[in-house]
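[1] Here you go, sequence then predicted model.
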Amino acid sequence: MPYFLFIICSLFPLSTLFSQSSIQKKIDALAAHPDLTHGQLSVALIDVTSNQLIAGHRADKTMIPASSLKVLITGIALKKLGRDYRFKTELAYDGTLTADGILKGNLIIRGYGDPTLGSHHFAKAEAYDIVLNKWTQAIRKAGIKKIEGYIIGDASYFSTQVDGRTWLWEDLGNYYGAGAWGLNFHENLYLLDLRQNGKLGATPPVVTVRPSVPNLQLINELTQAEKGSGDNAYIFGSNYGYTRFIRGTIPIGAGNFTIKGSVPDPPFFAAFQLMQHLEKAEIATSQRATSLYQLKQEGISIGKKNVINTYYSPTLREIIKETNLKSVNLYCEALLRLLGKIEKGDADPALGIEVIMEYLNNNGLPAAGLFLEDASGLSPRNAVSARHLAAYLSYLKKQNDIFPDFKASLPVGGKSGALKYLFRGTVAENKVFAKSGGMNRVRSYSGYVQNKAGKWLAFSVIANNFTGKSATMRKEMEKLMLAFCQ
């Protein structure tokens, strides 16, 4: 055996070398796929033990990652905040409370960025009606029977930069484009029920908005397409803007079809919902709900607050599990602003991005050429390479204090999240742990595999501007992840 080959074989068993060669051939085959003739591919596969790149393709090429980017903020937040961190929300009043229960002042909901407050689908959080009931009970316990001032939603803990500066106009009015505020409520979304019928090209009427959003004006330009065409409806509008255009298509049918929109002003929305709830509970109000931001525009300030209830979110480890399994943009954006607030004293998202970049640099991780616009991956101007993500994931695997919780947050091949229906009955079932990402002409996966030898590998695969269907690219990437497990 030649000496150089003996040295290589001493470092790497022959089976490992052949496996790496086979994997590289499959990566090369994906790079040569006809759908990528005009597109780009970045792949990085890193041996966690040696921290070496063992296979890849243009690993340092920066690409649009979509939701794969979420692995950065969720991992770094776990490290910096701790698994048991909880957001809080305070219910308080200013002014004076008379002996007979009349509040001559304002009732204030003071948010500290909790993105789960009143969530309608996060099992570890309490739904908005339960939260409203608890607040009502706290108000009764404080002896308040009538409120003569405003009911105020206070979001001032975060900055007014609630969305991403480079988010697309077509995203902002939809639930996944809801901004992250100092006070969030019901995940800053509403459900819009539309009545389907059997007529192609007809406009399906709006049946109801759940929960009710005050001042919302919907201009319905939606039409119906053929059966099975899916949800192609978009709601167009911006923060603080109450006129919303519904455009696109939903399929013909005979029932209700539900889409979700973003609430224009969540702090006001929370205050309005509490006001309505109190009226139903026979606690009289002045019928004036507002936000602190709006009051400040009018030159009105609030006095010293008396806290009567502090409400806590689920733990961070539970929030991060929900974030990665269901790819919740709002949760990531709230964490980005929280890191900026805690580390830099200001919740401007640009400062949160500084925290991420400093973390990577301080721990010797690649950051050159990394351009971040947000934490959720919604901006098409994020630019991240496969090496950036895979190297960070390899580093995180050695962080014993956070890796178990982080790993538990990732979708599992054949079991959960976006990987639930992938790899079933293969060697990769229950051996791939990865966050997916997707938007128009973008598909990505970033995470870990444990191969047949028990070795842990960190990987990232990102494709941009491919032709053909996204489902085709997903299947090709599935084949590649399966090869990683061999």
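    Received, thanks. Just so it is clear, the model here is predicted, and its values are computed rather than measured.

[2] going forward, measure contacts and count neighbours with C-alpha atoms only.
    OK.

[3] Just grab the bridge partners of Gly153 for me.
    The partner list for Gly153 in beta bridges (DSSP bridges) reads Ile109, Ser291.

[4] Convert the one helix or strand Gly75 maps to to PDB, retaining C-alpha atoms only.
    Taking DSSP states H and E as the definition, Gly75 sits inside helix 70-81. As requested, the backbone C-alpha atoms of helix 70-81 are provided in PDB (Å, rounded to 0.1, in the frame of the first residue of the first chain):
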ATOM      1  CA  LYS A  70     -34.200  30.000  12.400                       C
ATOM      2  CA  VAL A  71     -31.600  27.600  13.800                       C
ATOM      3  CA  LEU A  72     -29.300  30.600  14.600                       C
ATOM      4  CA  ILE A  73     -31.700  32.600  16.700                       C
ATOM      5  CA  THR A  74     -33.200  29.600  18.500                       C
ATOM      6  CA  GLY A  75     -29.800  28.200  19.400                       C
ATOM      7  CA  ILE A  76     -28.200  31.500  20.500                       C
ATOM      8  CA  ALA A  77     -31.300  32.500  22.500                       C
ATOM      9  CA  LEU A  78     -31.200  29.200  24.400                       C
ATOM     10  CA  LYS A  79     -27.500  29.800  25.200                       C
ATOM     11  CA  LYS A  80     -27.900  33.500  26.200                       C
ATOM     12  CA  LEU A  81     -31.300  33.400  28.000                       C
END
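
[5] packing partners for that helix?
    helix 316-326, helix 329-344, helix 349-362, helix 386-397, helix 403-409 (3 or more CA pairs under 8 Å, 6 or more residues apart in numbering; DSSP states H and E).

[6] Out of these, flag the one nearest Tyr112.
    helix 329-344 (8.5 Å; CA to CA).

[7] Tell me which residues are up against the closest one.
    With contact meaning CA atoms under 8 Å, 6 or more residues apart in numbering, helix 329-344 is reached by 70, 73-74, 77, 113-116, 158, 176-181, 187, 319-320, 323, 346-355, 374-378.

[8] again, only this time at 7 Å
    The contact list for helix 329-344 (CA atoms under 7 Å, 6 or more residues apart in numbering) reads 70, 73, 77, 113, 115, 158, 176, 178-180, 323, 346-349, 351-352, 355, 375-376.

[9] per-residue confidence for the residue lying closest to Ile144 once chain neighbours are set aside?
    Among residues not flanking Ile144 along the chain, Gly101 sits closest, at 4.6 Å (CA to CA, 6 or more residues apart in numbering). Note on Gly101: pLDDT of 98.

[10] Report how many residues lie close to Gly101.
    15 (other CA atoms under 10 Å).

[11] Phi and psi next, for it.
    Backbone torsions of Gly101, given as degrees, to the nearest 10, read phi 90, psi 20.

[12] surely it meets Gly143?
    Yes - if you go by CA atoms under 7 Å, Gly101 and Gly143 touch, sitting 5.4 Å apart.

[13] hang on, the earlier thing: pull up the gap between the residue nearest to Ile144 and Gly303, please.
    Computed as CA to CA, to the nearest Å, the Gly101 to Gly303 distance reads 19 Å.

[14] Would you pull up how far the helix holding Gly75 lies from the middle of the chain?
    Taking CA atoms, centre = their mean, to the nearest Å, one finds helix 70-81 lying 13 Å from the centre of the chain it belongs to.

[15] Then stretch 462-482?
    The answer for stretch 462-482 is 22 Å, by CA atoms, centre = their mean.

[16] ditto for stretch 181-191
    So, by CA atoms, centre = their mean, the centroid of stretch 181-191 is 13 Å from its chain's centroid.

[17] Give the bridge partners for Ser436, please.
    Under the criterion used here (DSSP bridges), Ser436 is bridged to Tyr445.

[18] Tell me who's in contact with it.
    67-68, 418, 444-446.

[19] do Asp163 as well
    Asp163 makes contact with 179-180 under the criterion CA under 7 Å, 6+ apart.

[20] One more: Gly413?
    With CA under 7 Å, 6+ apart, Gly413 has these contacts: 419-420, 422-423, 428-433.

[21] Ok, Tyr312 next?
    Counted by CA under 7 Å, 6+ apart, Tyr312 has contacts 86-89.

[22] If we use 10 Å, what do you get?
    Contact analysis of Tyr312 by CA atoms under 10 Å, 6 or more residues apart in numbering lists 85-90, 114, 116-117, 125.

[23] ok, back up a step: could you give me the average pLDDT of whichever helix or strand comes after the helix holding Gly75?
    Sequence order places strand 88-93 as the next helix or strand after helix 70-81, per DSSP H and E. The pLDDT scores in strand 88-93 average 98.

[24] cool, stretch 125-143 as well?
    98.

[25] Dump it to CSV, restricted to CA.
    Taking C-alpha atoms only, stretch 125-143 is exported to CSV below (Å, rounded to 0.1, in the frame of the first residue of the first chain):
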residue,chain,number,x,y,z
ALA,A,125,-49.7,28.6,26.1
GLU,A,126,-53.1,29.7,27.2
ALA,A,127,-55.7,30.8,24.6
TYR,A,128,-56.7,34.4,24.6
ASP,A,129,-60.1,33.9,26.3
ILE,A,130,-58.3,32.2,29.2
VAL,A,131,-55.8,35.1,29.5
LEU,A,132,-58.7,37.6,29.4
ASN,A,133,-60.5,35.7,32.1
LYS,A,134,-57.4,35.8,34.3
TRP,A,135,-57.0,39.5,33.8
THR,A,136,-60.7,40.0,34.6
GLN,A,137,-60.3,38.1,37.9
ALA,A,138,-57.2,40.1,38.8
ILE,A,139,-59.2,43.3,38.2
ARG,A,140,-62.0,42.1,40.4
LYS,A,141,-59.5,41.1,43.1
ALA,A,142,-58.0,44.6,43.0
GLY,A,143,-61.5,45.9,43.8
